[in-house]
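Asker: only geometry, no sequence info:
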């Protein structure tokens, strides 16, 4: 097993964790970049400007020093990779949700297993870890990024609306209803929503539906059940929206 002192000099190290449903992970940062990967369950991760839904088909790349927090939306098991800043530099300063490949999944799980176990042949273990580290970095660089981050407002009224939409994504309230609820005009609310998120109200909802859908697809939910849960009139209506955003149908994405 590698010591903490030795880990300081490794390109990639593993970090495992487990969280119960509704556990809150308080805001924090890491000295290394983090590839946050739930092998089981779903997390909602917040940064200052965005929200991501992260499930076993995906992982969230979080650069070093970026403050983030999370809420467990189910029982969650994490197999995280922490990457030293020099190796992470080429990926830039922004968080990115990536699609996990079978190879990257196996590598992340393997490096965590190796670091939590002892080895009789230490030289062999170190060489194997270095090979796995190299492959992990290569796979992260080549991974497909998923454009499903949710821009998060700072205005408390909009935060309340967005939280309500996330908790009940099937609802179809328009801005008039929300404007009446918070005591402003629909036009003012529309301008504020676009200013703070960069999206129209409807576009934000569609982004939210995509983010939630990816997590549900990873759990094996059918497209028909998914469409109903998100408030669509038919599976075909949901599939058409999904394809416009992702370039492929839900069935194709799941393969």
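Answerer: The structure has been received and is ready for your questions. Keep in mind the model is a prediction, meaning the values are calculated, not measured.

Asker: Only C-alpha atoms from now on, for both contacts and neighbour counts.
Answerer: OK.

Asker: Please parse this structure into its domains.
Answerer: If you go by the TED database, the domain ranges for the chain are 12-142, 153-254.

Asker: in the protein, which spans are helices?
Answerer: 4-7, 85-88, 102-115, 122-142, 156-167, 175-182, 186-197, 201-218, 223-229, 235-246, 250-254 (DSSP state H).

Asker: need those helices in CSV with mean neighbour count, mean pLDDT and distance to residue 18, can you?
Answerer: As requested, these are exported to CSV (neighbours: other C-alpha atoms under 10 Å; pLDDT from 0 to 100; distance: least, C-alpha to C-alpha, whole Å):
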stretch, mean neighbour count, mean pLDDT, distance to residue 18
helix 4-7, 10, 43, 21
helix 85-88, 16, 91, 25
helix 102-115, 17, 92, 13
helix 122-142, 15, 85, 22
helix 156-167, 14, 93, 23
helix 175-182, 14, 92, 37
helix 186-197, 16, 94, 32
helix 201-218, 20, 91, 18
helix 223-229, 17, 93, 27
helix 235-246, 16, 93, 30
helix 250-254, 14, 86, 25
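
Asker: Quick check: which of those helices is nearest to residue 58?
Answerer: The minimum distance between residue 58 and these falls on helix 201-218, with 8.5 Å, by C-alpha to C-alpha.

Asker: The closest one: how far from the chain's middle?
Answerer: 12 Å (C-alpha atoms, centre = their mean, to the nearest Å).

Asker: Then stretch 99-112?
Answerer: 16 Å.

Asker: repeat for stretch 160-176
Answerer: Here the centre of stretch 160-176 is set off from its chain's centre by 20 Å, with C-alpha atoms, centre = their mean.
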